[in-house]
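>>> Here is my input; please provide its structure:
(one chain, ligands or ions: 1)
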Amino acid sequence: MSEKITGYIDHVVFRNNDNGYTVMVVKGTKEEELTCVGSFPSISQGVTIEAEGTYTTHPVYGKQFQIHSYTEKMPEDSLAMERYLGSGAIKGIGAALAARIVRHFGEDTLRIVEEEPERLSEVKGISEKKAREIAVQVTEKADMRRAMIFLQKYGISLNLGAKIYQKYGQAVYGVLQENPYRLAEDISGVGFKIADEIASRIGIHTDSDYRIRSGMLYTLMQASGEGHIYLPQKELFERASRLLDVDSSYMEKHLMDMAIDRKLVLKETKEATLVYPSKYYQIELNTARMLNELNIKCPENEKLVERRLAQIQKETGTVLDEMQKKAVKEAAENGLFILTGGPGTGKTTTINAIIRFFEGEGAELRLAAPTGRAAKRMTETTGYEAQTIHRLLELNGVPDEEHDNQAIHFDRNAQNPLDADVIIIDEMSMVDIFLMHSLLQAITAGTRLILVGDENQLPSVGPGNVLRDIIRSQVFPVVELTKIFRQASESDIVVNAHKINRGEQVSLDNKSRDFFFLKRYDADIIIRVVIALIQEKMPRYVEARPFEIQVLTPMRKGLLGVERLNQILQRYLNPPDSGKREYEAGQQMFREGDKVMQVKNNYQMEWEVRGKYGIPVEKGVGVFNGDTGILKEINEFSEIASVEFEDGRWAEYSFKQLEELELAYAITIHKSQGSEYPAVILPILSGPRMLLNRNLLYTAVTRARKCVTVVGSEETFGEMIRNEKQQKRYSSLDMRIRELAESSLSQTMSFVPSGNEGTKAADLSGM
Ligand SMILES: Nc1ncnc2c1ncn2[C@@H]1O[C@H](COP(=O)(O)OP(=O)(O)OP(=O)(O)O)[C@@H](O)[C@H]1O
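Numbers count the residues shown, from 1 in each chain. As a prediction, this is how the structure comes out:
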């Protein structure tokens, strides 16, 4: 139950300046002394506060008051005034001077300080100048206090209030009353929804211009969360109209105004008007420009290349087929080269030949992939060290609030480009527009860039469809490998994956050695079969540990969705045990020994690789969406859970951060992109048609190295193969690449980095 207390802050016991978490002792309440905790933007000893919160009992420190909100009160009597002035809150006044001031003015002190501050100089030791300075400080503090009280009236928390006040100062009243939607643009942590909520409390009309504009921008941002770079105007209007509950006829005029204000970029095509948030348009345009700039010919002596190829084939004992040889030649002769193909078509074999070729030239090579798992696999298959792209670019963390990809700071960038002759990126289908943009910024012409991937895999989680757009632009040299080298007798996984991709049905007679179909039609029976497969059959069959067998499912919800599957699988695969500690975070119970996955990019999370005796041998930052590991230890005292990731990194999660982790016995097919597992189990029964499509099934099947087992309905399986409808992605990197290549703009305009000036240049060319 919420209660109110009034008292003054006697002293601060602990304060974390990063998040404002504070433990302090408040006196003058009913209790002699009350320990209060909470998160506060700033705190001044000596001030009197009126706080709302609840009493709690800490296991070690006992009774505490958890403050939810508070307001500072102006000191009301001379004693409070003395405490306030002497607390250090006012620069230049210490305890002794405060006592002298109060002795001199008595009960009148507060009024004198506020209304006639020049009179402070009557007190010995205070010059007129100092009196003025004190007055300014007191006024500033009073202003801030009033603003905070004002903001709290609209349900704005102290922390947010402090940020808002810091930004606008005394203008805050005007901003809030005229256009609270400005908050959504100016202040990180405030989105349209919060601004809209504040606006409705203030009584702003639903059809206000500000509201409609803000709602339109918000709609575009939401769409980018689904992977879109732009929305066609019609779709934007429909979505925004649903969000705002306002007819789309109100939106037309705003579209032009916002384009003039450079908030949006509009592009006309034959079919539609495309609407981009300016920033996205510029990123696409800059990406296209940088790609075009890398696309230079590097003539090589053909005979020499042939000779080297013959030698490589001899050394490796592989006879490369014509397309593979062509790939090596193109890689040698071009600044930018793309290698694509489905599973088993010899991409890795070709990469290895390319690596050998460049090694023979004495070139310095760097290999990278978008995820830790993909990088690890690349290292294994090439025998050459590969890193994540984030590490290649030397990620160095970002402020917590700016957690999106656009704000990441890399130490490798346009000012400090990568020092390599050849860069090879694998699993390109997972790279989104932001990462591609950052990567390209760190590469100068003269460094060769080789992009490898399968365009039929699901596109990246983040916005854009980079690999597919690059290939579709038809501007750059691309070699597509189509011949399947892995023989049918050897691998039905590969053969079936290609069949699925072509929309052909797959034989389900279970004559295969690595592709099984177990027909079951009841969700709980399916789960029972899945458990038996993981616990008994599969580990032996593929020579792996049960934890390496991965269950993949299209959905999060439902009887066979990730959430329910994980609950049940946890019970069977990591049952409760007196030796295993547990912690319940929100809806999720974590237990030592659980298989877990990080579900968002955390660029600041520290990790270490531990050597012998647990001594750290390597440290770094960044744990990413899709990183999987084992929850090794739960420490209730320090409120920390330790996770060891598959690549050997350890990270410590505070209990609060556990919301970034999920159980990973079962994961969605989306999350499995770029990973490979010895065996994959796919429970497939029913679900929304949008999720049961060919593209998803193809991605799922191609995740398995040694064995795929589908458990469920053959009818649904067949439907998935037939269902070509994937979620549409609105991206236009291909258009930008073609436009630039055609207009020869890339030659006449030098590259402008994406700082402010770059933005302007890009903006103008887009209008
Ligand atoms: N020219 C070739 N002659 C004979 N076998 C080949 C040739 N190229 C590749 N292979 C074999 O085909 C199999 C698949 O090749 P590779 O692993 O290079 O393909 P991939 O496209 O990287 O496949 P995945 O994406 O499934 O890993 C391997 O066993 C490889 O040895």
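
>>> element containing residue 10, please.
strand 3-15 (DSSP states H and E).

>>> Against which helices or strands is that strand packed?
When contacts are defined as 3 or more CB pairs under 8 Å, 6 or more residues apart in numbering; DSSP states H and E, strand 3-15 packs onto strand 21-27, strand 33-39, strand 48-58. Yep, even glycine has a C-beta here, placed from its N, CA and C like the rest.

>>> CSV please, covering those strands and showing mean neighbour count.
CSV is the format used below for the helices and strands packed on strand 3-15 (neighbours: other CB atoms under 10 Å):
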stretch, mean neighbour count
strand 21-27, 18
strand 33-39, 18
strand 48-58, 15
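
>>> and the strand holding residue 10, how far out from the chain's middle?
37 Å (CA atoms, centre = their mean, to the nearest Å).

>>> oh, and call the first residue 146 from now on, that's how I've got it
In the new count, where the first residue is 146, that last one comes out as strand 148-160.

>>> Name the strands paired with that strand and say parallel or antiparallel.
Sheet partners assigned to strand 148-160 using DSSP bridges are listed as strand 166-172 (antiparallel), strand 193-203 (antiparallel).

>>> pLDDT (mean, whole number) over the longest one?
Strand 193-203 shows a mean pLDDT of 88.

>>> what's the distance between residue 816 and the ligand?
Distance, residue 816 to the ligand, by CB to the nearest ligand atom, to the nearest Å: 19 Å.

>>> Now for that residue: which residues touch it?
Neighbouring residues of residue 816 by CB atoms under 8 Å, 6 or more residues apart in numbering: 742, 744, 770, 771.

>>> Any of these buried? List them.
742, 744, 771 (16 or more other CB atoms under 10 Å).

>>> where along the stretch 446-595 of the chain do the strands fall?
Using DSSP state E, counting those that start in this stretch, the strands of the stretch 446-595 of the chain run over 481-486, 510-514, 531-533, 567-570, 593-598.

>>> Pipe the contacts of residue 816 into a markdown table and attach distance to residue 834, pLDDT and secondary structure per row.
A markdown table is the format used below for these (distance: CB to CB, whole Å; pLDDT from 0 to 100; DSSP: H, G, I helix; E, B strand; the rest coil):
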| residue | distance to residue 834 | pLDDT | secondary structure |
| --- | --- | --- | --- |
| 742 | 27 | 95 | strand |
| 744 | 25 | 89 | coil |
| 770 | 26 | 82 | coil |
| 771 | 26 | 85 | coil |
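
>>> Contacting the ligand as well, which ones from the residues you listed?
Filtering the contacts of residue 816 for proximity to the ligand (criterion: CB under 6 Å from any ligand atom) leaves nothing.

>>> hmm, back to that, what's the closest of the buried ones among the contacts of residue 816 to the ligand?
Using CB to the nearest ligand atom, residue 771 comes nearest to the ligand of those, at 18.1 Å.

>>> and the closest one, what does it touch?
Residue 771 neighbours (CB under 8 Å, 6+ apart): 516, 517, 518, 742, 743, 816, 818, 819, 820.

>>> show me what contacts the first one?
Applying CB under 8 Å, 6+ apart, one finds that residue 516 lies in contact with 533, 572, 575, 769, 771, 772, 818, 819, 820.

>>> if you look at these, which of them are in helices?
Under the assignment DSSP state H, the contacts of residue 516 contribute nothing to helices.

>>> Distance to residue 606 added to the helices and strands packed on strand 148-160, as a markdown table?
A markdown table is the format used below for these (distance: least, CB to CB, whole Å):
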| stretch | distance to residue 606 |
| --- | --- |
| strand 166-172 | 32 |
| strand 178-184 | 31 |
| strand 193-203 | 39 |
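
>>> mind checking which of the ones you listed is nearest residue 422?
For residue 422, the closest of the helices and strands packed on strand 148-160 is strand 178-184, at 31.8 Å, according to CB to CB.

>>> what is the rounded mean pLDDT of the closest one?
For strand 178-184, the mean pLDDT works out to 88.

>>> what's the answer for stretch 588-597, then?
95.

>>> how near is the most centrally placed residue in the chain to residue 770?
Nearest to the mean C-alpha position of the chain, by CA atoms, centre = their mean, lies residue 746 at 4.1 Å. Residue 746 sits 5 Å away from residue 770, going by CB to CB, to the nearest Å.

>>> Residue 888 now?
37 Å.

>>> again with residue 872
18 Å.

>>> again, but for residue 643
Counting by CB to CB, the separation of residue 643 from residue 770 is 29 Å.

>>> Show me which residues of this structure sit near the ligand.
Contacts of the chain with the ligand, taken as CB under 6 Å from any ligand atom, map to 463-466, 469, 486, 488-494, 630-631.
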